[in-house]
Structures are given as C-alpha cells and as structure tokens.
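Q: Would you be able to build a 3D model of this:
(chains A and B)
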2 protein chains.
Amino acid sequence: MHHDYQLTIGTLLHTGLTADPDQRITYADQVDMTYSEFGQRVARLGSALTALGLGQGAVIAVLDYDSHRYLECFFAVPMMGATLHTVNIRLSPEQVLYTINHAEDDAILVHEDFLPLLLPLLLRIARPMRLIVLSDRAVAVPDGFVGEYEAVLAAGDPTHAFPDLAETTRATLFYTTGTTGDPKGVSYSHRQLVLHSLGVIACFGPVPGRGGFKRDDVYMPLTPLFHVHGWGFPLIATMMGARQVYPGRYEPARILGLIGKHGVTFSHCVPTILAMVLQAPGSEAVDLSRWKVIIGGSALPEGLARAAMARGIDIHAGYGMSETCPVLTIADMDATQGATGDTTSVRIATGKSIPLMQLRVVAPDMTDVPHDGVTTGEVVARAPWLTDGYLRNDVGTAALWAGGWLHTGDVGTMAADGTLRLTDRLKDVIKSGGEWISSLQLESIVSAVPGVAEAAAVGMPDARWGERPVILVVAKPGTEVEAPAHAAVAAAIAAGRLSKWAAPERVLTVTTIPKTSVGKIDKKAIRAALAAGNIA
Amino acid sequence: MHHDYQLTIGTLLHTGLTADPDQRITYADQVDMTYSEFGQRVARLGSALTALGLGQGAVIAVLDYDSHRYLECFFAVPMMGATLHTVNIRLSPEQVLYTINHAEDDAILVHEDFLPLLLPLLLRIARPMRLIVLSDRAVAVPDGFVGEYEAVLAAGDPTHAFPDLAETTRATLFYTTGTTGDPKGVSYSHRQLVLHSLGVIACFGPVPGRGGFKRDDVYMPLTPLFHVHGWGFPLIATMMGARQVYPGRYEPARILGLIGKHGVTFSHCVPTILAMVLQAPGSEAVDLSRWKVIIGGSALPEGLARAAMARGIDIHAGYGMSETCPVLTIADMDATQGATGDTTSVRIATGKSIPLMQLRVVAPDMTDVPHDGVTTGEVVARAPWLTDGYLRNDVGTAALWAGGWLHTGDVGTMAADGTLRLTDRLKDVIKSGGEWISSLQLESIVSAVPGVAEAAAVGMPDARWGERPVILVVAKPGTEVEAPAHAAVAAAIAAGRLSKWAAPERVLTVTTIPKTSVGKIDKKAIRAALAAGNIA
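A: Presented below is the predicted three-dimensional model:
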C-alpha cells in the first residue's frame, strides 16, 4: 500500500536538516549551533514535554522574545500533535489571562521577564498547568514550576521519534484584538503552515538576481514570533536550510551589531522597528547595503522607504493579516531588481498576490470591480493557508467567510497588471452616492496643508447620498486651516486624483482628535460625537 | 463557512496568469501569444471538449511533439476533471494500442505525423472515440474525426468556467515500459502535480545568483512532454509566469535557432539530446553561455558535462523516474554557483533530495546503510508526489510500495552531506558474501582497459557467497584482454576504489554481448546463457 504523505511541520524540519546539517543558527551572541544540534534539541524538547504528560491535543503556550527556544517550540510542539499558543506579550494582563483560559492551555513556557505579568494571573487559571521558565542565565525556578528550559531539555531524548500526524491537525493558535470585544482565537493546521511556506518560497525564491530570499541569505526576524508565526519566515528559513540569527529582545544597538557581525541579509518588520534601527546612534557606521527588508503590519510610508533606500536597503512592502497566516501580497520584487529609475512607488504598493492566492476586489454584491487601478472595493481572498475561522466564535467566523471568501475588511484598487493598492479600512471608508471615498486619502491631502497638525475624515449619515465626508482638523497655533483644506481637496479633484464626490461640505477645526488606547484615530468615537452634536 | 481550498492544476494556471498576463509563450517560429491569450485558449479547449460530451472521469489522449497545443492540454484536460493520457509515441504500434485500450481513452488528439501509426489501430479499439487532428498547417480532416484542433478551439468559449474539483481527482496517466511484461499505467492526482511543482520551485527558486530557475528565465523543454509531464517543468514555468518557448519536433538546427533567437536560458533533456545539440553543425556559432540545463533520464557522463561546461553551460544532473512524478534529487546547484574549482563531480552526482522528499538508502531489511558515501543499498522514497501505484496492477503496486516506501530499484550510496550517488540497478547489482558489488563500476573499470571494446558484468549463483561476479568482454581484433582486465580490477581494489569481494574469478572473452530491443545490455539473457553453459 502506498504511503499517504501528510503535509506536516516535521517535513519542513526534515527538509532543512537534509539541505545543510552543518548550517548554523545563532541566538543573540549567546548561542550558536548547527542545524543537526537544533534537530536534536527539538527532539529533546518533544521528548521532555511528552514526559510531562503533554501529547496530541495538548495546548502549550509560549511567552518569549525572538529566540532559538521559540524556534524550537515552533517545531517540537506541533510535531507532538500539540498546539503552539503564541502569546502576545503586549496584551493587557486581563487579555493575556483571557487568552490562556480561552485557549485551554495545558502548559506555559515563560521567559523570566514575563513572570511579573504571568504569576499574578496563575491563581485565576482553573486548569492544571505545567510551567517552565526560560532565561539566558542561571535563574531561580519559581515555586510550582517544572524547571528551567535548558534543564528540561537536558533530560530529554535527542533521538525522540515524533508521532505520525494527519495534516489537518491543529498546529498553532493565537489571538487577534480588534477595537471592540474579546480577543479572537485564530488557528492553523500543519497543512496550512506547510502550504504557506511553499507559497512564500515560490514567490521569494525565483526573484532574479540577489532579490527575494535565497539559500545563501542570512535571516534575522525583526517581527515578534508571536505575531502570526513571525510572519511565517522562521519556518521558511529553516526549511530552506538558511543561516539564521535570532535577536532576542529588540534593542537597536544589539540589532545593528548582529547585522554587522553576522552579515544579515534578510529581515522583516513593521515600519516603526525599521525607523528605530535607521535612527539609532551608530546606525550610519553599519553597512546595510546588502540588507533586504520586507515591511508589513501597516503601510510602508514613502519617506521611510526613501530613507531605507538611501542606505542601500532593498525594501518592499507586504500585506497580510492574522487570519491569513499571514502573507497575501508582496510588492513586485522582480520589477525593482536591477531597475534604474525611481522604484519607490512599486516598493510601497500593497503588491501582487503570491502563488496559489486568489485575490479579488469586490463590490458589496461580490462582483469584481474593474481592474483599472481606480475603482475601489473590498479585498477578499482564497488560499490554502487562510484560517478556517475564529475559535468558538461562529458569528465572527460567518462574517469572516461570508459568501465563501475571506473578507479582509480592507478596501483597495486592483490594476490591470494585478497590483493591489489598499486605500482604507472597510469600516472607515465613506460610502457616498454609490461611490466609495477613502478616508485615508482625504486625511493625507488635508494633512499636507500648511498649519494642519492633524486631520481625521469620517462618513456621516446623509439622507440623499447615504454618507457624506466630514473632516476634523487640529490647527497649529495661530493658523486658520478650514478654507485652505477645502482648497486642497478641490485641487486634488481638479487634478483627477479624487472623485468630485469626495469634496466635504464640512471641515471642522477641533482642539483634539479622539484616539484609541493604542493611539489610532477613534473614528467610532468621532462619528458618535458628531451625531450627538458634540462637534459642530 | 470557510472555503476548502483544493490543490488543483487550475490554481497553477491562475497563478501564472496573475503573475504576468502579458508574458509570452512561443511555439517554434509559428505561434506567439500572451499568457492572457493562452488562458483563453485553455478555456476554449475545455469548452470544446466538454461540448463533445467529455467531462469528469473522461480519459483524453494526446500524441504530439512539444507544442503550445500540448501545454494547453496539460491544463484544460485536468481542469475539466478528465485525465490526460500522454501517449509515448516511441512505443511499438502494439504497445500504443495496448495503452489506449488499457487507459480506456475516450478521445485522442493526434498530430498528423502520427496518423500512420494510429489509423491502423482504430479498428481494434472497442470504445467510442472522439478524434481531433493536430497540425501546424491546413490539413485534411480524416474520416470519422471531429475536426482539426484550431477549428475546434475557434468554436469554444474563451470564458468557459471549469468545474470545482477535489484535489485527489486523477489528472494524468501514462505508461512505463520495463524489460518484461506489458506497459504499466502510472497516474497522478491534481494534488500530486501541484505539490511536485511547489517542491521543485522550492529547490530551484532559492538558488543563489543566476542559478536554478528564476522568473526572468526563458524556458524551453527538450524532453518530450509525454515523458513524465515533461519532467514537470511546463507546469512549473507556467505557474511562475516565465517566458516559454516550445520547440516542436526535435531538430538540432531549429533548437539552436530558438535558443539564439529567444535567448533560452533554462532547459532539461537526456544526455543524447544535449550531445546532439552540441555536435550539430553551426552549434559553435550560438552563444550557450547563459543556458542552464538539467540532465535526467540517465546518468550524466563526465565527458558530456565537461563538453557542456566548456561552452559555458550551467549543467547539473537530476534523478527521478516515471513513478515519482518525477523529481527526487538534483545535483547541488548552490555549491556550483560562483565556485572557482572544478565542479564536475558535484554536477554529475545524482544529487540531493528536493524539499519535502524523504529519501533513504536501505539494506534488504529496510535499515538505513551508513551515510558514508561508500556503503550501498536500495534507494527508497516518500514524497507528496509519488504515484499511488500501477493502474489495475495490484502485484506491481505491492512490490513498488513494499514496507510503505517507494522502491526505486536503484542502488546507491549516501554521503554525510546528503548527496546520493547511484551505482547500479538493483536487479543488476551483484550480491556476494553479504556485500553489494556494482556491476556498472566493474564494467566502467574493465571498459577502460586498452583493447576492450565492450564489457558486461553480471552476478552468477555461488553456493558459498550467494553470487560471484562474471565479466564478459568483447576484445578489439588482435588483442588479448582477460589478463589485463583482471589486473585493472586488482589495481582498483588496491587503490581502495573497490572492495576485495569484487574481484571476479572469471573474465570471459565473447564475440558479442546480448542486447535488448532498445540497445541496453540484456543481463537477464547473459545470466541465462551462462547458466546454460552457452558461454564458458
């Protein structure tokens, strides 16, 4: 009888170990090991966790910085048939507690730095819990803990054989937070993670020249590994047998030092982290001209892109979300390789679908909008690596997958060549007279008016047009900006950059613009205040 | 409810059409079209075949040279849910008839050049058959035929929507011939072909520099598309959105012309075809220094590798078989990129496993032999793209998958770095005193002895050792080679290149060595003749 091959995380590890057993994995400046040794440590970890009574169906949580330990958990936990719960250490303590309970964790591996966060919560966790402390140094093992990670590994079996698993077995679980409600649990199967890895390699591997991601690249993540599998690249780099460097806690000086020392050539991060690295003291002294960086998490600002390119960085934007494993699109890396003109607009575009991705931009009736680079619609997707839905949340899942397509909640345009450009979040877009007006575009235009400190655009109900745009502006002291703002919008319309429907009847000067707890403009609060007549 | 994404051939086409709709596909010097036009032709073909009553479960055979038509069938037929039967036009007429009947074909698309082969067979096919003739020019449609390919396409719908399919749906079927028995049917599902494509890209894409297969490569197959999916590269090139050139019938002058005119950079073929191209009149005038060539089908001879390298060709061996979709291993393309020393031995090695492949070299009890580059065993494999078995041949399937591993029937060694080197076919290896002796290695040593025109080594039953080697030699006129042959083997043993068990007691001079119908040494006949005392 033929062997029914299953697409499991273990096959990715096997691929990497076969490709180059002598290749190296480095953690900050503390640990340096070969892939062979890494494979043995993964086996030890699997063996030790199994000895604690954890097996198929168990849920094992991790709170750590970007370390070799985390990478070991990326493999060992799913390979046991258990689920790896990657805890977002930036959530509030109450949210962390909620996710631990909702995920039904059976074990927690926690870095000593997060003990002050976790220990007070333990009394409020009903389930029995195995606890292991992680540290870079000798550390006292807290009461009730099984032990320290290295001691646990030392007792494990480096030849441990993992069980055969069905590819539909759940491998990972993490939580995504919106502006309202409890965090939502998002999970992925072995199959989804393997196919995501293959899809991303099929995009990044065949890029001409030295672009993309090649087997001779030196990889260092600058995205927390709890953020959607560190965007998937730790699995991919391991599968490729690439040189890997894990930076630990993000400190600009250490990051720059690791890039210089190990010749890091491939990373990914949010714009904030790249800006931090570029602006850090001593940054100029480090050669970044062989560094390729993928930016995700939020849009790549043109200014940051230019600043990176001035340092020789090969920078491109990517797009994805927690529910999509995450990669959906990448800016066209082929087009910028060896290009002579200004490639900034290509690099900051949301980009093109990666292989196997089916991406559409649709009207509310789910028909495709014209691929003219102008008409906006919601971005919906199908791919072999999109989450099946939210854990124990049928209402959220039904909305996510309405009509059999995953709804990103993002609004954008599609060009004839397949390039997607996001323009707004669906909940913030202004629907007027059957047309969609981008609140972000209005804000961008008005923000550029001299004297404007800040701007926010929202749609307000209108009996005739459905909605009409209203713009709030904060003016710098001593300036009058309402008339110039109207003029700037009119100029954009005259230049064809904006539809005539987008001209707001009202630009209102305010002293402050409401913000959410994470500092984003709170458009829900603005709409409520406008509706209540508190702004006028 | 979430969408249950299936790994189907249609998703590969969608990926290519999305990647670059304006990219071009060329057939010889007759047809040049964009991917968009190609997508419309695939839809037309699917629509037209559906209108003929062919649908899910139908079997559609093709007899053609390497053309754009064949590529269209690669997609349209499986996307209908039908099976594409790629007929080996080099089989004998009786074998072709056998495969058409055994496959239960419902339709045949046949190039006019193969009408003399096919027409006499039609009366002996019991099933109703739709027939379409293919030609590069205006052609008379034979009686009983539906029509000519281009006319059939013209009547089709360029917006035809293909049905949704389960990824386990059978996509392709072809026949493999051994030295005995009827041809055996080998089939592949959509899932297997998609995962083979992804595995090969994950190997060829991330090669550093300009090696491997990149999206800016210009691809031209030099393997017949009926040979194990043209080794899989037509699907892969299409998925990547690469420039493609199809050569039609293999004529050295035309091949060289197409390489020069279109700047072909990536091809694959058997050694014979490459030798033919290199030795063709006018070959020296064509710049081959940007041509990458993968050699498969049989071992890459060192002399051919050196001749190719002397022309600037980036050449590597690959290994696979009909039952494995086919790619199992590729010579280490990373190691040769930018290398300064002599890379010939790396290029001609059987190579390293491609991603997701689990390859073992095992003793008869299925334990792994040491990975020392010396100890031989049978190569067995697991991968997501190995055939489930032979069509309606349970005995053959059980032998192929004995113990849950696909048995290649090849004998080789595995080095510590994961490099496989084949040494013999299992059925030809000589098993003596618990050791395996490579018949090919003995033949190679003896063939190099001055005066030896040809040599063949076989194992003969031996009461004490199980088997002992016997070598037949054909001597050039006027030479005596038996003693020098013994001496050459002894020298190889003394140099440590051969185990002492390998020294044959008998080297026998003969006038001719028995051959099979395709010109290979017939070791079965030699063993029979030796056993009968007809050679002594």
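Q: So what does the closest residue to chain B within the stretch 51-200 of chain A have for phi and psi?
A: Of the stretch 51-200 of chain A, the residue with the smallest distance to chain B, taken as Cβ to the nearest Cβ, is A:L198 at 4.2 Å. Just so you know, the C-beta spots here come from the backbone N, C-alpha and C atoms, and that holds for glycine as well. A:L198 has phi and psi values of phi -70, psi -40 when expressed as degrees, to the nearest 10.
Q: pretty sure it is in contact with B:S197, am I right?
A: No: judged on Cβ atoms under 8 Å, A:L198 makes no contact with B:S197 at a distance of 9.4 Å.
Q: Neighbour count for these two, which is higher?
A: Neighbours were counted for A:L198 and for B:S197 using other Cβ atoms under 10 Å in any protein chain shown; B:S197 has more, 31 against 28.
Q: which ones are touching the more buried one?
A: B:L12, B:G232, B:L235, B:I236, B:M239 (Cβ atoms under 8 Å, 6 or more residues apart in numbering or on different chains).
Q: Now do the SS call for the residue positioned nearest the centre of chain A.
A: Residue closest to the mean C-alpha point of chain A, counted by Cα atoms, centre = their mean, is A:G297 at 4.7 Å. For A:G297, the assignment made with DSSP: H, G, I helix; E, B strand; the rest coil gives coil.
Q: how close does it get to chain B?
A: Distance, A:G297 to chain B, by Cβ to the nearest Cβ, to the nearest Å: 24 Å.
Q: just checking, that residue touches A:V270?
A: Yes: assessed by Cβ under 8 Å, A:G297 is found in contact with A:V270 at 3.7 Å.
Q: Identify the contacts common to those two.
A: With Cβ under 8 Å, 6+ apart as the test, A:G297 and A:V270 both reach A:T223.
Q: ok, back up a step: over to the residue nearest to the centre of chain A: give its phi and psi.
A: Dihedral angles for A:G297 - degrees, to the nearest 10 - are phi 90, psi -40.
Q: so how far is A:P206 from it?
A: Counting by Cβ to Cβ, to the nearest Å, the gap from A:G297 to A:P206 is 25 Å.
Q: go on, A:A103?
A: Between A:A103 and A:P206 the computed distance is 38 Å (Cβ to Cβ).
Q: These two: which has the busier surroundings?
A: Per other Cβ under 10 Å, whichever of A:A103 and A:P206 has more neighbours is A:P206, with 30 against 21.
Q: tell me the SS of that one?
A: coil.
Q: I'd assumed A:W436 was in a strand, is it?
A: Yes: assessed by three-state DSSP, A:W436 belongs to a strand.
Q: how many other residues sit next to it?
A: 25.
Q: which ones are touching it?
A: Here A:W436 is in contact with A:T376, A:G377, A:V411, A:D424, A:V429, A:I430 (Cβ under 8 Å, 6+ apart).
Q: What of A:W465?
A: A:S432, A:G433, A:W501.
Q: got it, and A:G46?
A: A:A76, A:V77, A:M79, A:M80, A:G156, A:H160, A:F162.
Q: what about the helices in the stretch 401-536 of chain A?
A: Residue ranges of the helices in the stretch 401-536 of chain A, as given by DSSP state H, counting those that start in this stretch, are A:439-447, A:482-494, A:523-531.
Q: what comes up buried for the longest one?
A: Residues of helix A:482-494 classed as buried: A:E482, A:P484, A:A485, A:H486, A:A488, A:V489, A:A492, A:I493 (neighbour count, 16 or more other Cβ atoms under 10 Å in any protein chain shown).
Q: could you say what helices and strands that helix packs with?
A: helix A:439-447, strand A:452-462, strand A:466-475, strand A:506-510 (3 or more Cβ pairs under 8 Å, 6 or more residues apart in numbering or on different chains; DSSP states H and E).
Q: From chain B, how far off is the residue nearest to A:P252 when sequence neighbours are not counted?
A: Spatial nearest neighbour of A:P252, excluding adjacent residues (Cβ to Cβ, 6 or more residues apart in numbering or on different chains): A:A280 at 3.3 Å. Distance of A:A280 to chain B, computed by Cβ to the nearest Cβ: 30 Å.
Q: Relative to A:Y246, how far out is A:A280?
A: A:A280 is 19 Å from A:Y246, by Cβ to Cβ.
Q: swap in A:G296?
A: In terms of Cβ to Cβ, A:G296 sits 19 Å off from A:Y246.
Q: Listing request: residues of chain A with sub-threshold pLDDT.
A: A:178-180, A:517-518 (pLDDT under 70).
Q: In it, which helix is the longest?
A: helix A:35-51 (DSSP state H).
Q: Would you mind listing the buried residues in that helix?
A: So helix A:35-51, judged by 16+ other Cβ under 10 Å, has buried residues A:35, A:37-50.
Q: Would you mind writing the CA trace of stretch A:486-497 as PDB?
A: The C-alpha trace of stretch A:486-497 is given here as PDB (Å, rounded to 0.1, in the frame of the first residue of the first chain):
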ATOM      1  CA  HIS A 486     -11.300  72.900   1.200                       C
ATOM      2  CA  ALA A 487      -9.000  74.400  -1.400                       C
ATOM      3  CA  ALA A 488      -6.500  71.400  -1.200                       C
ATOM      4  CA  VAL A 489      -9.300  68.900  -1.700                       C
ATOM      5  CA  ALA A 490     -10.700  70.900  -4.700                       C
ATOM      6  CA  ALA A 491      -7.200  71.000  -6.200                       C
ATOM      7  CA  ALA A 492      -6.900  67.200  -5.800                       C
ATOM      8  CA  ILE A 493     -10.300  66.800  -7.500                       C
ATOM      9  CA  ALA A 494      -9.200  69.200 -10.300                       C
ATOM     10  CA  ALA A 495      -6.000  67.100 -10.800                       C
ATOM     11  CA  GLY A 496      -8.100  63.900 -11.200                       C
ATOM     12  CA  ARG A 497      -6.700  62.300  -8.000                       C
END
